[in-house]
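*Asks:* return a 3D structure for these sequence lines:
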Amino acid sequence: MESDSFMNQIYIALTKPIQSRCADLTALFQKGSLRDLQTVFPVLIDNIFGPQGTLSWDLRTITATVKSHDFLALQQFFSPCGPFFQLIYGLLKDSYIKYDFSVAILPMKVRQMLESSHIHPFYVDLIPINPQNKQITSLLLNPFDYYMFHFAYYLINPFHQRSGLTLQSSWSTVYYILSCDYILHFLPTTVGAIILPVIHYNGKSPVQHYQQQIARPPAKVSKLLKTNLFVETPNEFPVILQPSEKHPRSEIWRSETILTVFLDMWLNNDQISHCIENNFNIASAKKPLHFNELPAGEYIRIIRVLVKQLHAFASSGKVDDSNLGELKKITLPMMQGKILVLELWLSFIQPWRYPGHPHTKMPANQPEVHPDMDDNTNNAAKAVDREYLQFIAENILAYVVIFQQLLPRFLRVDLSSPKNSLMLYRLTKVFNQTNLVSLIREVEYCIENNQYSPTHSFQMPNPMPPLSPTSRWSTNTSYYNPIQTNSPANSAEFNTSARDRSFNSSRYSAIVRQKIYELEGPNFYFKPLFTSTAAPEVFELVRQIKRAEVSADTIIRTRVKEIEKNSSGFLGSFRSLFMNPDSSSDEFNLDERKKVPLYLSFSLQYLLDMFQISEPVDIDESITQGSCFNESQCNSADNSIDMLLTPKQVMERKKKIRYEGDPDLYPVRSNEFKLLVRMFYHWSTKINERDLPLIAQLYYRNDFIGKFSRQIILPPMTIHRYDKTQFRSPRVSEYLPPRISLRKFASHQFIAYLIMGILISKFFSYSVAAFLFFAFVFWFIITCIKAFRDTSLNHECPIYSHESSLNESF
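*Replies:* As a prediction, this is how the structure comes out:
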């Protein structure tokens, strides 16, 4: 009865608002028995995360600015030392408390690893084998691991992606803050740090107690922990430590869980376009779920924080002799360079920027960088220390291939845009860091010098894919082409003395070739980034940058002239006191535009320095008009619609674009108030729908009233739109009758004049009503004068019924 009463109190607490819910659950956790808490724990997890698409606690929508009180309550409740973790640590007192977590929702790569003969040691003691079909159906997790698996899965759960929880891109969601808290708390960079609270949990076996019930080779010992963290014996049965004995793994298992779970769940995410089965004992049928969207901004930022902290975590292990230090030393090899965006990629390939704790030995003259701080583009580039040569060699594909695939894409965008120019600047600035290019050249030389090809004698027992540099970077899957190419060995920088350095070329060549085979498959061909003659894409980008510089300067001069024109004269000077003279509809302001030439200038110089281009590169007029990337494109250029446009052509076409839709539905301009535009549009629509016949009758009258009305009522017009509901979206026409539009009253200029007139009338002791009356009289007189001067021809009034409506037009 007491157990039923406790469960009822839990269910009642879960129905309350967030603040009351957290307070009531905290009190119930303190008075509940271990058996009751063990029973209620999976219920709480399902209610918090809604793993099967049910309602959750909305951790990814509640922010510090929206529902701030709920945000603080949840942050305190789920903090690493908060009430919920106190519940978890209380359950850990019984090492036999385990919960099932279905392997069906794990990423495919993790599931394949569990079914293979090379099981990660972290999962070895988590796998129960089904005695009937000898299959792995679930993981048997302790409360801490169970919570962390569900927490990590919440970020990639397709049900919550589809429900719109990821549409918000705020920095301050509860989930983002908690993710940062867990990463920083359980992966500390301080040498000799102790993870709080200190607990002694014996549920993590120091040996592989999973007995091979199916025919498999024994699992490999992981590099995750040093050998003395696993007690190995030649006997068939492992030695079981007594509860009183302390094992090194008992000190670091929480960090091991965070490290493994976050990397496996987030960096191997493949929860796209496949069926998710019901694996949580929820009474619902199997649901086919198809989800195909870009990762949310919150996802990308969390991954970037994780990558930065792992760099700092690994760097701090250089002088850390503790058990946690052994985990730090093998952290980076666990990372699979799956980078989501440019910033994340740049964070991954620069481990020297995140040295960890201040006491950690750092390269000379290199400042400490906090893992969650943005890259500072204003800082001068520091020399890359040679100690990172092994990291560069092991991740050479992340440096070379991504750069080769990314650089040509800048040919397809408008580099005169501040956003695009900044991205190019950051990319070239990172690769132009002192020593980085020489280290990449050195690795490429070792690969080229030992590659298996008709001109090289180095062969392997199982030949890796041949390394075949080609004339372009567009693909890495072409067949081997024995065309003579310039290798990095011919570079002036890579001289004989550089080759004689203490760099084991055979060793690193084997490492890189093995990485190529594992990550890219047997059809991949490595193409060096640096050759004696730079690749054609580099010269094309140099020309593109020069053209973009001209376009950026032209845009700036045009904007400056517009501002000077708007500010000229007495009225212009007076208006500039109350309004911004820059009334352009451009999404970027003038200050942002002025940074573009600087970004492009530095990017151009960085490219020339990186690829050692000394001869001048001219802007060919033929390339300005459009370039062909291969012979097939040039042959079909006349009738191809996929030809790439240069920024100059884009600007010329943009000038010819005209809006052909309803003027009242034109997107809100920069000189308009969004709220007023929508409000006046709503009012205008109501007036036009109600009084359409009267408005048309007044407009088409032949007397003075008709002329006066035509000064107020918009004339009829034909608009055009594209019908997206039909094949190929045909262009269709619609007729708009005479109508009222109040949009002009939503402009900044009208509001400024209105406020200015009210202030002047107040200064001369006139009331607001008097000012409005005089303004109306003045407008009426001006409108009458325009009506008298109206010489337009008379029109025949169409017949409108009272049932007519402008809903379709508006």
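
*Asks:* where do the strands of the stretch 451-600 of the chain begin and end?
*Replies:* Counting by DSSP state E, counting those that start in this stretch, one finds no strands in the stretch 451-600 of the chain.

*Asks:* low pLDDT regions in it?
*Replies:* 451-507, 521, 569-585 (pLDDT under 70).

*Asks:* and with 90 instead?
*Replies:* The model of the stretch 451-600 of the chain has pLDDT under 90 over residues 451-540, 555, 558-592.

*Asks:* residue boundaries of the helices in it?
*Replies:* Secondary structure of the stretch 451-600 of the chain (DSSP state H, counting those that start in this stretch): helices at 496-499, 505-520, 536-567, 569-576, 590-610.

*Asks:* make TSV out of the ones you listed and add distance to residue 145.
*Replies:* Heads up, the C-betas are built off the backbone N, CA and C, glycines and all. Putting those into TSV (distance: least, Cβ to Cβ, whole Å) gives the following:
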stretch	distance to residue 145
helix 496-499	49
helix 505-520	28
helix 536-567	47
helix 569-576	64
helix 590-610	46
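
*Asks:* nearest to residue 185, out of these?
*Replies:* Nearest to residue 185 among these is helix 505-520 (31.8 Å), distances taken as Cβ to Cβ.

*Asks:* for the closest one, list the C-alpha coordinates in CSV.
*Replies:* Coordinates of each C-alpha in helix 505-520 appear next as CSV, following Å, rounded to 0.1, in the frame of the first residue of the first chain:
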residue,chain,number,x,y,z
SER,A,505,57.6,8.1,-43.3
SER,A,506,56.8,4.4,-43.5
ARG,A,507,55.0,4.5,-40.2
TYR,A,508,52.9,7.5,-41.0
SER,A,509,52.2,6.3,-44.5
ALA,A,510,50.8,3.1,-43.2
ILE,A,511,48.7,5.0,-40.7
VAL,A,512,47.2,7.3,-43.3
ARG,A,513,46.6,4.5,-45.8
GLN,A,514,44.9,2.4,-43.2
LYS,A,515,42.7,5.4,-42.3
ILE,A,516,41.8,5.9,-46.0
TYR,A,517,40.8,2.3,-46.3
GLU,A,518,38.7,2.3,-43.1
LEU,A,519,37.0,5.7,-43.6
GLU,A,520,36.7,6.0,-47.4
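
*Asks:* which helices and strands sit right next to that helix?
*Replies:* Contacts defined by 3 or more Cβ pairs under 8 Å, 6 or more residues apart in numbering; DSSP states H and E place helix 505-520 against helix 389-394, helix 396-406, helix 436-449.

*Asks:* what's the burial count for residue 543?
*Replies:* Using other Cβ atoms under 10 Å, residue 543 has 18 neighbouring residues.

*Asks:* you'd agree it is up against residue 617?
*Replies:* Yes: between residue 543 and residue 617 there is a contact at 6.1 Å, judged by Cβ atoms under 8 Å.

*Asks:* just to revisit the earlier point, can I get the helices and strands packed on helix 505-520 in a markdown table including mean pLDDT, mean neighbour count and distance to residue 566?
*Replies:* A markdown table is the format used below for the helices and strands packed on helix 505-520 (pLDDT from 0 to 100; neighbours: other Cβ atoms under 10 Å; distance: least, Cβ to Cβ, whole Å):
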| stretch | mean pLDDT | mean neighbour count | distance to residue 566 |
| --- | --- | --- | --- |
| helix 389-394 | 86 | 19 | 53 |
| helix 396-406 | 87 | 19 | 40 |
| helix 436-449 | 84 | 22 | 47 |
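
*Asks:* distance to residue 697 added to these, as TSV?
*Replies:* Compiled in TSV, the helices and strands packed on helix 505-520 are given as follows (distance: least, Cβ to Cβ, whole Å):
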stretch	distance to residue 697
helix 389-394	79
helix 396-406	63
helix 436-449	76
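
*Asks:* for residue 60, find the nearest of those.
*Replies:* Going by Cβ to Cβ, the one of those nearest residue 60 is helix 396-406, 28.7 Å.

*Asks:* give me the contacts around the closest one.
*Replies:* For helix 396-406, the surrounding residues in contact (Cβ atoms under 8 Å, 6 or more residues apart in numbering) are 337, 339, 342, 345, 348-349, 392, 427, 431, 440, 443-444, 447, 473, 476, 512, 515-516, 519-520, 526-529, 535, 537.

*Asks:* could you pick out the buried ones from these?
*Replies:* Neighbour-count burial (16 or more other Cβ atoms under 10 Å) applied to those gives 337, 339, 345, 348-349, 392, 427, 431, 440, 443-444, 447, 473, 476, 512, 515-516, 520, 526-529, 535, 537.

*Asks:* for residue 723, the count of nearby residues, please.
*Replies:* By other Cβ under 10 Å, 11 other residues sit near residue 723.

*Asks:* hang on, it packs against residue 729?
*Replies:* Yes: look at residue 723 against residue 729 with Cβ under 8 Å: they come within range, at 6.0 Å.

*Asks:* now the helices for the stretch 1-150 of the chain?
*Replies:* Counting by DSSP H, counting those that start in this stretch, the stretch 1-150 of the chain has helices at residues 2-14, 18-31, 34-49, 68-77, 83-91, 108-115, 121-124, 143-156.

*Asks:* I'd like to know which elements the fourth one is packed against.
*Replies:* Put plainly, it is helix 68-77. helix 18-31, helix 83-91, helix 174-186.

*Asks:* I'd like those laid out as CSV, including distance to residue 267.
*Replies:* CSV is the format used below for these (distance: least, Cβ to Cβ, whole Å):
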stretch, distance to residue 267
helix 18-31, 31
helix 83-91, 25
helix 174-186, 13
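
*Asks:* now, of the ones you listed, which is deepest in the fold?
*Replies:* Of all the helices and strands packed on helix 68-77, helix 174-186 has the most neighbours on average by mean count of other Cβ atoms under 10 Å, namely a mean of 20.

*Asks:* hmm, who's touching that helix?
*Replies:* Helix 174-186 has contacts (Cβ under 8 Å, 6+ apart) with 59-60, 62-63, 71, 74-75, 78-80, 148, 151, 154-155, 170, 195, 254-255, 257-258, 262, 298, 301-302, 305-306, 309, 371-372.

*Asks:* can you rerun that using 7 Å?
*Replies:* Identification of contacts with helix 174-186 by Cβ atoms under 7 Å, 6 or more residues apart in numbering yields 59-60, 62, 71, 74-75, 78-80, 195, 254-255, 258, 298, 301-302, 305-306, 309, 372.

*Asks:* what does stretch 732-746 give?
*Replies:* Stretch 732-746 has contacts (Cβ under 7 Å, 6+ apart) with 662, 664, 672-673, 676-677, 680-681, 683-684, 687-688, 692, 695-696, 699, 713-721, 723, 750, 806, 809.

*Asks:* what's the PyMOL syntax to select whichever of the residues you listed are buried?
*Replies:* Buried members of the contacts of stretch 732-746, defined by 16+ other Cβ under 10 Å, are picked up in PyMOL with:
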select buried, resi 662+664+672+673+676+677+680+681+684+687+688+692+695+696+699+713+714+719+806+809
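
*Asks:* cool, thanks, signing off.
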